[in-house]
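Participant: Return atomic coordinates for the entry below.
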Amino acid sequence: MAEPRQERSRTTRRRLMNAAVECLAELGWNGTTVAVIAQRAGVSRGAAQHHFRTREELVAATVEYVGNEQLVELRERAAALPRGPARAEPIARMLLNLYTGPMFRAALHLWVAASTDEALRAVLVPLEARVGREVHRVALELLGADESRPGVRETVQATLDLARGLGLANLLTDDSRRREQIIRQWAQVLEPTIGVPAPT
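Facilitator: Here you go, the predicted model:
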């Protein structure tokens, strides 16, 4: 009986975390309470608080969970891509579209709220740092790039910073046409870093 119970527990946690992303993206931090998340997830508030004692705890778990899911998806999609310089544009497209979905919108609400909420900032800053390091590591992995080569670390970080900026530009209007032009141009910047080993 333990395994079905554990699976039900995991399913409930996933439902709560997915509901938290939807609520944050639609309602912002102030409108996202445990009660609202529980209602969206179709569970009682008591059940929600059984899994997550506070809103901050639920949000922290959500950021980590969704971040990990995104990275798994990136790796799976990258596995089917060609090797060598031809990989630059599809990788650029994947990375530069990374911050255009509901999770980025939800994260943005959290960042703004954390700038004035000490308790939320204390939870969010170390978590965001850890997720950021993992995204950087996966970007290097996807590019097949060696970070010990001069300029590679900065190029990867610039790619991720550019992706966040494009995500912001997409919040109010559909920016996909302009973003596609930038993707093609940025792929040329990334080409020299693709699969090139460090000098010996």
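
Participant: In space, not sequence, find me the middle residue of the protein.
Facilitator: The centre of the chain sits closest to Gly67, judged by Cα atoms, centre = their mean, with a distance of 4.3 Å.

Participant: Hmm, that one is touching Val138, no?
Facilitator: No: if you go by Cβ atoms under 8 Å, Gly67 and Val138 don't touch, sitting 10.2 Å apart. For glycine as for every other residue, the C-beta is placed from the backbone atoms N, C-alpha and C.

Participant: And for Arg177, the neighbour number?
Facilitator: 7 (other Cβ atoms under 10 Å).

Participant: oh, I was asking about Phe104
Facilitator: Using other Cβ under 10 Å, Phe104 is surrounded by 20 other residues.

Participant: what's near enough to touch it?
Facilitator: By Cβ atoms under 8 Å, 6 or more residues apart in numbering, the contact set of Phe104 is 98, 164, 167.

Participant: For it, which three-state class applies?
Facilitator: Taking DSSP: H, G, I helix; E, B strand; the rest coil as the rule, one finds Phe104 in the helix state.

Participant: Read off the pLDDT value for it.
Facilitator: pLDDT recorded at Phe104 is 82.

Participant: can you tell me how far it sits from Leu166?
Facilitator: 10 Å (Cβ to Cβ, to the nearest Å).

Participant: one step back: hmm, which of the contacts of Phe104 are the buried ones?
Facilitator: By neighbour count, with 16 or more other Cβ atoms under 10 Å, the contacts of Phe104 hold 98, 167 as buried.

Participant: For the nearest residue to Asp175 once chain neighbours are set aside, grab the count of nearby residues.
Facilitator: Residue nearest to Asp175 in three dimensions, not counting chain neighbours: Ala169, with 4.7 Å by Cβ to Cβ, 6 or more residues apart in numbering. Neighbourhood size, Ala169 [other Cβ under 10 Å]: 14.
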